[in-house]
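# Kindly return the folded structure for what I paste below:
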Amino acid sequence: MDELRGDQASWAFDSEIVRVRFETKGWFKSPLFKLLGTLDLPVGAIREIDFRPGAGRKKGWVLQLRLHDRMDPYAAVGAMLDEKYQPFRLTGPAKTELVAEYLVDQLRFAAEQAGPPDPATVLSLVPSTPLHVLTSEGTARFEADRLSLVWSGTYASGYKKKKQRREFELSEIAHMEWAPVDEWGWGFVRVVTRGRVADAKPKNDLNVLRAGEEGNEIQQAFLLAATVTAHQWARDVRPRPALGSGGTEVEEETKPGFDDPEWWKETARNAVDVLRGPRISFHLPGSGGRDATVEEDGDGAAITAGEGTDPAPERGTGADTAWIFEQIERLGDLHAKGLLTDEEFGTKKAELLDRI
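Sure, this is the predicted structure:
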């Protein structure tokens, strides 16, 4: 593997991953990097590479990776994180600029050739679970699908000590909020649940674990927020039930719709089958998700019937012509989305026009 040494880390490259080994020796090194240690970043997660020669300290170079959506939980929760502590940022001296530029070109090519990242890729960029966080106010434990806050530390308020603990299912967490040290020397991580607005100060907020300036408490809280966020993203991408599978109980957010590629593929197959077969049930755009049954009479005219639908007009009427042009328009949508080839679209369009 080719290697590029920078001020914060060493990056080792191959065609599939970038292995980031953070520099952890020395009291002046970032506590966050010490906690992370090593990261293996799949090149498919990289959306863009920003390389700026001469933009760093003493005219050194600056390299910044920008990842695809839902691939960088650190950026999602760490908008206030100092840029020199960004995990996917690297700086180096001017004397290694040519080497850095060469490796950046290689990495950019590999990222362009890689396919879209698996949504679960984000889990490889955060610490494994269970994750334990210890601060002067208490502890947190995250176990992939459950987060527990326990207020047993020296600086926990009497109110929190009385309540002792609070647990959250991952499904009820809307997002994680992280705040660095304030003027009182406290930072915190807040669990924002669905439909809840923070109405208490962090000291007495049962959705908050505070962290002090001592040691690496702030960085632990930051890492907790990023890790929970990554698991949320991975959990949100669920397999959707196949169309026509007969399933009756489907959660609202998992129902296939206009933005679902599988919905369009199924519609494309059924639109073609309408022209081939004598009878088929299918969902068409604008039908409200109801099944429409299409048959052909002896003359080949289309007859549509089904619950909540009107029969298609007889051949030769103005309404029949309107129906045919409507089907051509729908096939055009499928063709524009790349789900029908030019030849298939042309053939089916001609067959529909022959019915006028």
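# Low-confidence regions, the stretch 51-200 of the chain specifically.
In the predicted model of the stretch 51-200 of the chain, residues 80, 198-199 satisfy pLDDT under 70.
# So which residues of it form strands?
Here the stretch 51-200 of the chain has its strands, by DSSP state E, counting those that start in this stretch, at 61-67, 89-92, 131-134, 139-142, 146-150, 165-169, 173-179, 186-193.
# Which of the ones you listed sits closest to Ala200?
Smallest distance to Ala200 across the strands of the stretch 51-200 of the chain (Cβ to Cβ): 10.4 Å, for strand 186-193. From N, CA and C alone the C-beta is placed, and that goes for glycine too.
# Counting by contacts, list what that closest one packs against.
The contact analysis (3 or more Cβ pairs under 8 Å, 6 or more residues apart in numbering; DSSP states H and E) places strand 186-193 against strand 173-179, strand 208-212, helix 217-236.
# Can you tell me the strand partners of it and which way each runs?
With DSSP bridges as the criterion, the sheet partners recorded for strand 186-193 are strand 173-179 (antiparallel), strand 208-212 (antiparallel).
# Looking at the ones you listed, which one is packed in the most?
Scoring these by mean neighbour count under mean count of other Cβ atoms under 10 Å gives strand 208-212 as the most buried, with a mean of 27.
# Report the inter-axis angle for that strand versus helix 217-236.
150 degrees (axes from the mean of the first three to the mean of the last three Cα atoms, to 10 degrees).
# For strand 208-212, what is the distance to the chain centroid?
Centroid separation for strand 208-212 versus its chain: 27 Å, with Cα atoms, centre = their mean, to the nearest Å.
# what comes into contact with it?
133, 135-140, 149, 151, 155, 185-191, 202-203, 217-218, 220-221, 224 (Cβ atoms under 8 Å, 6 or more residues apart in numbering).
# Would you mind writing the PyMOL command to select the buried ones in those residues?
If you want just the buried ones from these in PyMOL, going by 16 or more other Cβ atoms under 10 Å, the selection is:
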select buried, resi 133+135+136+137+138+139+140+149+151+186+187+188+189+190+191+202+203+217+218+220+221+224
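# Give the full set of residues in contact with the residue nearest the centre of the chain.
Among the residues of the chain, the one closest to the centroid is Arg70, at 3.3 Å (Cα atoms, centre = their mean). Neighbour list for Arg70: 119, 122, 233 [criterion: Cβ under 8 Å, 6+ apart].
# Surely the second one and Ala234 touch.
To tie it back to what came earlier, the one meant is Val122. Yes - counting by Cβ atoms under 8 Å, Val122 touches Ala234, with 6.0 Å between them.
# So for these two, which sits in the more crowded spot?
Taking other Cβ atoms under 10 Å, Val122 and Ala234 do not tie; Val122 has more neighbours (26 against 18).
# Go through the contacts of Arg70 and name the one nearest Arg166.
Trp233 (23.1 Å).
# For Ser152, see how far away that closest one is.
31 Å (Cβ to Cβ, to the nearest Å).
# neighbour count winner among these two?
Applying other Cβ under 10 Å to Trp233 and Ser152 shows that Trp233 carries more neighbours, namely 19 against 12.
# who's in contact with that one?
Counted by Cβ under 8 Å, 6+ apart, Trp233 has contacts 70, 73, 119, 122.
# Quick check: phi and psi on the first one?
Phi and psi for Arg70, reported as degrees, to the nearest 10, are phi 60, psi 30.
# Verify the contact between Ser30 and Gln8 for me.
Yes - look at Ser30 against Gln8 with Cβ under 8 Å: they come within range, at 7.2 Å.
# Mutual contacts of the two, please.
Jointly contacting Ser30 and Gln8 under the rule Cβ under 8 Å, 6+ apart are 22, 84.
# Show me which positions of stretch 33-50 end up buried.
33, 36, 39, 41-46, 49.
# can these go into TSV with extra columns for secondary structure, pLDDT and distance to His175?
TSV is the format used below for the buried residues of stretch 33-50 (DSSP: H, G, I helix; E, B strand; the rest coil; pLDDT from 0 to 100; distance: Cβ to Cβ, whole Å):
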residue	secondary structure	pLDDT	distance to His175
Phe33	helix	91	25
Leu36	helix	92	22
Leu39	strand	92	22
Leu41	strand	94	23
Pro42	strand	94	24
Val43	helix	94	28
Gly44	helix	93	25
Ala45	helix	95	21
Ile46	strand	95	24
Ile49	strand	95	28
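# Show me the two of those that sit farthest apart.
Checking these with Cβ to Cβ, the most distant pair is Phe33 and Gly44, at 23.8 Å.
# helix or strand for Ile324, which one?
Using DSSP states H and E, Ile324 sits in helix 318-336.
# Going by neighbour count, which residues of that helix are buried?
320, 323-324, 327, 330-331, 333-335.
# And the helices in the stretch 1-150 of the chain, which stretches?
Using DSSP state H, counting those that start in this stretch, the helices of the stretch 1-150 of the chain run over 31-36, 73-77, 97-113.
# Most tightly packed of the ones you listed?
Mean neighbour counts for these (mean count of other Cβ under 10 Å) peak at helix 73-77, with a mean of 22.
# Leu4 is nearest to which of the helices and strands packed on strand 186-193?
helix 217-236 (24.2 Å).
# now that closest one: how far from the chain's centre is it?
Distance, centroid of helix 217-236 to centroid of chain: 14 Å (Cα atoms, centre = their mean).
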